[in-house]
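[1] What follows is a predicted structure for the sequence shown.
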Protein chains: 2
Amino acid sequence: MLKYEYIAKEIMNLIEDKDLRQGDKLPSLDELVTQFEVSKNTVIKALDELQSHGLIYQVRGSGIFVRGRRQKGYINMMEIEGFNSMLREFDLTSKVLELKEVIPSETVQEHLHIDADQPVYYLKRLRYIEGRIFCIEESYFDKNIVMYLNEQIAEDSVFNYLTNNLKLQISFLDHYLRVGKLNQQNAVYLELQEGDPGIQVESIFYLANGVPFDYSKIIYHYEESQFFIQGNSYYNLMN
Amino acid sequence: MLKYEYIAKEIMNLIEDKDLRQGDKLPSLDELVTQFEVSKNTVIKALDELQSHGLIYQVRGSGIFVRGRRQKGYINMMEIEGFNSMLREFDLTSKVLELKEVIPSETVQEHLHIDADQPVYYLKRLRYIEGRIFCIEESYFDKNIVMYLNEQIAEDSVFNYLTNNLKLQISFLDHYLRVGKLNQQNAVYLELQEGDPGIQVESIFYLANGVPFDYSKIIYHYEESQFFIQGNSYYNLMN
């Protein structure tokens, strides 16, 4: 870990320890320099890093402030850390419905930038929050990157396995969200009625080198899920 | 505009002009330095800026790549530039239903950090895409910041008025998305049936100094709207 990353992490711990919220003020740049005994440049780089992730904002001549992110029970669409990290206050469980190697469909080929002759892992899970059905998840993993997967891992946390065991650096993801009416099969899974609202999120996960390796499609139970999303202006760049 | 912002904008123009997509390679750092005749540091700062907004990604030892953002017809939840900028390929129109000063409810007071005795502008609009009803929007503006508003502005683009006329620097926003069943009134507005899916997005817009000034609640027509959201890892900071 680079020094500025370490300082960024320390500042995050500070926010967490003091339970600081949206708009709360952080110590000044000089105070942070003194507190962490590092150079001004290191603190500035750490603050820029935190700002670029939407965790703080800096107001010239006024100070450094906390930007709210963690909303209990909301799925933070900016985070790629998996439900277990995101919804850590809750009891989350999974039930594996299917895990097998399949020939990728055209959609999967396109999203994962692979050919038809390259098999992928297909994983279908039901996920529960506090014992209540929360979503149906179908994932396709590029087998060149995720070379091995089993039911035990899939019952547990695939995200932890990818990052801790396979040491994959998952760096960014794209979500496509739309809403429709549930078909009969998905309604049965979600214990809802056919025609009830269904939230579909298609997600593509990328490694640090820009290679997509996981394409997932989730149908959420509309009464059990709500989403948090942050936006930042890049107006200056557009005009 | 600072020099690095200018260069960032030039790089964005390059992406637009060449119609580059997700994963397409940009010129190298050295090539950009030569092309724009600025210092290496300026280009690096411009690239960091673009990366923090999810517009490019850099792979050490490999190059600089475009990150896809603009998906035709998708509402980009990271952008705060308003529908007119986001959905510029489409014909967008608005119909003002109500514009008046009101006493803020407790929810509005809380979101805008104001007191009950501080009146706010309340604006209710129907918005159309290609002549079809697209969403119902209710907005509350802090009158200390948005001191004047009229129907003409509201029929036009409030965003353009705030940024061009009032010179407000809108810097970030938070979205809270959930899905439910439409009540009768909203179903009539959206030309749907009561009980059909309704997508509700509550958004809070902030100025560069962290002051919230606009709280909006939109109900989208589920067949006319789809959303794009980007995520970035800050895993290194979390673990």
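    Received, thanks. Numbering: from 1, shown residues only, chains lettered A, B, ... in the order given.
[2] what's near enough to touch A:Y220?
    A:F134, A:C135, A:G198, A:I199, A:Q200, A:V201 (Cβ atoms under 8 Å, 6 or more residues apart in numbering or on different chains). To be clear about C-beta, it is placed using only N, CA and C from the backbone, and glycine gets the same treatment.
[3] How many residues are close by the last one?
    The criterion is other Cβ atoms under 10 Å in any protein chain shown. On that basis, A:V201 has 22 neighbouring residues.
[4] Could you pull up the residues touching it?
    Contact analysis of A:V201 by Cβ under 8 Å, 6+ apart lists A:H175, A:Y176, A:L177, A:K217, A:I218, A:Y220.
[5] quick one: it from A:T42, how far?
    Distance of A:V201 to A:T42, computed by Cβ to Cβ, to the nearest Å: 38 Å.
[6] do the same with the second one
    Applying Cβ to Cβ, one obtains 41 Å for the distance of A:C135 from A:T42.
[7] between the two, who's got more neighbours?
    Shown here are A:C135 and A:T42; by other Cβ under 10 Å, A:C135 has more neighbours (22 against 19).
[8] For that one, give me the pLDDT.
    Per-residue pLDDT puts A:C135 at 97.
[9] so where does it fall, helix or strand?
    strand A:132-142 (DSSP states H and E).
[10] Can you name every helix or strand that that strand contacts?
    Of the remaining helices and strands, those touching strand A:132-142 by 3 or more Cβ pairs under 8 Å, 6 or more residues apart in numbering or on different chains; DSSP states H and E are helix A:106-112, strand A:120-129, helix A:184-190, strand A:212-221.
[11] Can you list the strands that that strand pairs with?
    Next to strand A:132-142 in the sheet, as set by DSSP bridges, lie strand A:120-129 (antiparallel), strand A:212-221 (antiparallel).
[12] And the contacts of that strand?
    Counting by Cβ under 8 Å, 6+ apart, A:92, A:102, A:104, A:108, A:111-112, A:114, A:118, A:120-128, A:149, A:158, A:186, A:189-191, A:211-221, A:224-225 sit against strand A:132-142.
[13] what's the domain layout of chain A?
    In terms of domains, chain A is parsed into A:3-66, A:75-228 (source: automatic domain parsing).
[14] quick one: which of the ones you listed has the weakest pLDDT on average?
    Per-stretch mean pLDDT for those is lowest at domain A:3-66 (a mean of 90).
[15] end-to-end on it?
    Chord length of domain A:3-66, first to last residue, is 21 Å (Cα to Cα, to the nearest Å).
[16] Would it count as contacting chain B?
    Yes - contact of domain A:3-66 with chain B (Cβ under 8 Å from any Cβ of the partner chain) involves A:5, A:8-9, A:12, A:23, A:48-55, A:57, A:59, A:62, A:65.
[17] Sitting in strands, which of those do you find?
    The strands, defined by DSSP state E, take in A:Y57, A:V59, A:F65 from the residues of domain A:3-66 next to chain B.
[18] Out of these, grab the one that's most surrounded.
    Busiest of these [other Cβ under 10 Å] is A:Y57, holding 22 neighbours.
[19] my read: that residue touches A:G68, true?
    No - counting by Cβ atoms under 8 Å, A:Y57 does not reach A:G68; the two are 10.6 Å apart.
[20] thinking again about what came up before, pick the most deeply packed of the helices and strands packed on strand A:132-142.
    Comparing those by mean neighbour count (mean count of other Cβ atoms under 10 Å in any protein chain shown), strand A:212-221 ranks first with a mean of 22.
[21] residues in contact with the residue most central in space within chain A?
    For chain A, the residue nearest the mean C-alpha position is A:I80 (2.0 Å; Cα atoms, centre = their mean). Contacts of A:I80 were listed using Cβ under 8 Å, 6+ apart, and they are A:I170, A:S171, A:F172, A:L173, A:F205, B:G231, B:N232, B:S233, B:Y235.
[22] I'd guessed the second one sits against A:L207; true?
    Spelled out, that is A:S171. Yes - A:S171 is in contact with A:L207 according to Cβ under 8 Å; the separation is 6.2 Å.
[23] ok, how many other residues are close to A:L14?
    16.
[24] so A:N232 makes contact with B:F172?
    Yes - counting by Cβ under 8 Å, A:N232 does reach B:F172; the two are 5.1 Å apart.
[25] quick one, longest helix in chain A?
    Ordering each helix of chain A by length in residues (DSSP state H) puts helix A:3-17 first.
[26] Which residues does it contact?
    If you take Cβ under 8 Å, 6+ apart as the criterion, helix A:3-17 is touched by A:1, A:20, A:26-27, A:32, A:36, A:38, A:42-43, A:45-47, A:49-50, A:55-56, A:66, B:236-238.
[27] which among those residues end up buried?
    Buried residues within the contacts of helix A:3-17, counting neighbours by 16 or more other Cβ atoms under 10 Å in any protein chain shown: A:20, A:26, A:32, A:36, A:38, A:42-43, A:45-47, A:49-50, A:55-56, A:66, B:237.
[28] Next, check the contacts of helix A:3-17 against the strands and list the overlap.
    The strands, defined by DSSP E, take in A:I56, A:V66 from the contacts of helix A:3-17.
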